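S.K.: Whatever this is, show me its structure:
(chains A and B)
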Amino acid sequence: MRAFSHFEESECIARAQHGDVAAFSELVARHQDRIYRFLVRLTRSTDDARDLTQESFLHAWEALERWRPEARFSTWLFQIARNQALDLLRRSKRAEFVALEDDDDATLPCPAPTPEAALETRQRFHGLERALARLPTEHREILLLREIEALSYEEIAAVLDIGLGTVKSRLARARAGLLEKMPR
Amino acid sequence: MTCPTTEALSAYADHMLAPTEQMRLGQHLQGCSACQHRLAELAALQQALRTLPSPALGLDLAPRIEGRLRPRPQPRRRPPPRTRPWAGWVPAGLAAGMALASGVWLGGLLLGSATASTPPAARVRVFDPVPPGGLCAATELCRPLKGLP
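M.R.: Numbering: from 1, shown residues only, chains lettered A, B, ... in the order given. Down below sits the predicted model:
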């Protein structure tokens, strides 16, 4: 049982801001999977996502005094993680889909009643993941934040540093783009 | 109402249109199978994305980064109020007496060497309540002390 597992998030943050490593570790434990999930699809690399998840939390520790309670802590983490990923993508100028397919047995658990149903489901998931990976980064990230991480339009606007009108238009284009790339 | 744009339909699916627009588009959908089909596609896409299995990190990150966390600077404390260096350890009455004595000594210095032979009362007169040349309202207070010139 983690020492701060029963603490409210606000209390963990306040203690971490005063240098409490155990309190910050609790925050890491609570948010690491979401941040990793977002990063692995944004970067399309499990190795990069693992490294960037660590770097995102290290950056968050250094910048803790700049977090304000008006925003959700997770929204702030997504902002940090997204910036880390974009820096990496810009540096590497990565365009090809890599890595995620290779780990499909480990990363895509697929309970199904029959082997045929399981295969069909797995193929459907793969098709969707591939279509998502082929989208422009700008469209992929907004779909991840809205459809998978369930952020509100306001939170998405904060993470991406855009207006609400841009969230609406970009999300619509991203959805249309994904539908076009989906296998029929 | 003509068929809505892709952006309007997308915002409708998220209940992000203004209330009157949300209502009008809803009414349009009731009579337009093409738009119903477009909305159904959007809803299916949303549902498919939400049910995608989550890729797992597969490890506990906290122990790996704890050793890399630099100690955070402690909040700055307010500096203590400025005081004379000796005031902290000298009792208040003694401090006041020392202040008076140092003032008397400084007054003697101000009067210069001519006062070296002057009786102590003259030096004290520098601090008389009546300035030199002034009239005294209470002569009994201004009368020189017994024994003084």
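
S.K.: For residue 62, which residues are in contact?
M.R.: Just so you know, I chose chain A. Applying Cβ atoms under 8 Å, 6 or more residues apart in numbering or on different chains to residue A:62 gives the contacts residue B:70. (Each C-beta comes from the backbone N, C-alpha and C, glycine too.)

S.K.: right idea, wrong chain: chain B
M.R.: So residue B:62 contacts A:25, A:26, A:28, A:29, A:32 (Cβ under 8 Å, 6+ apart).

S.K.: give me the element residue A:172 is part of.
M.R.: helix A:164-181 (DSSP states H and E).

S.K.: Extract the CA atoms of that helix and return them as PDB.
M.R.: Extracted in PDB, the C-alpha atoms of helix A:164-181 (Å, rounded to 0.1, in the frame of the first residue of the first chain):
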ATOM      1  CA  LEU A 164     -12.500  26.800 -28.300                       C
ATOM      2  CA  GLY A 165     -13.400  27.600 -31.900                       C
ATOM      3  CA  THR A 166     -10.300  25.900 -33.100                       C
ATOM      4  CA  VAL A 167     -10.900  22.900 -30.900                       C
ATOM      5  CA  LYS A 168     -14.300  22.500 -32.600                       C
ATOM      6  CA  SER A 169     -13.100  22.800 -36.100                       C
ATOM      7  CA  ARG A 170      -9.900  20.800 -35.600                       C
ATOM      8  CA  LEU A 171     -11.800  18.000 -33.900                       C
ATOM      9  CA  ALA A 172     -14.300  17.800 -36.700                       C
ATOM     10  CA  ARG A 173     -11.600  17.600 -39.300                       C
ATOM     11  CA  ALA A 174      -9.700  15.000 -37.300                       C
ATOM     12  CA  ARG A 175     -12.800  12.800 -37.000                       C
ATOM     13  CA  ALA A 176     -13.500  13.100 -40.700                       C
ATOM     14  CA  GLY A 177      -9.900  12.300 -41.500                       C
ATOM     15  CA  LEU A 178     -10.000   9.200 -39.300                       C
ATOM     16  CA  LEU A 179     -13.200   8.000 -40.900                       C
ATOM     17  CA  GLU A 180     -11.600   8.300 -44.300                       C
ATOM     18  CA  LYS A 181      -8.600   6.200 -43.200                       C
END
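
S.K.: I'd like to know which elements that helix is packed against.
M.R.: Identification of packing neighbours for helix A:164-181 by 3 or more Cβ pairs under 8 Å, 6 or more residues apart in numbering or on different chains; DSSP states H and E yields helix A:115-133, helix A:137-143, helix A:153-160, helix B:6-13, helix B:33-50.

S.K.: and residue 56, how many neighbours?
M.R.: No chain specified, so I'll use chain A. By the criterion of other Cβ atoms under 10 Å in any protein chain shown, residue A:56 has 26 neighbours.

S.K.: looking at chain B here, not the other one
M.R.: A count of neighbours around residue B:56, defined by other Cβ under 10 Å, yields 16.

S.K.: Roughly how far does it sit from residue A:25?
M.R.: Distance, residue B:56 to residue A:25, by Cβ to Cβ, to the nearest Å: 19 Å.

S.K.: which stretch among the helices and strands packed on helix A:164-181 comes nearest residue B:66?
M.R.: Proximity to residue B:66 (Cβ to Cβ) singles out helix A:153-160 among the helices and strands packed on helix A:164-181, at 26.6 Å.
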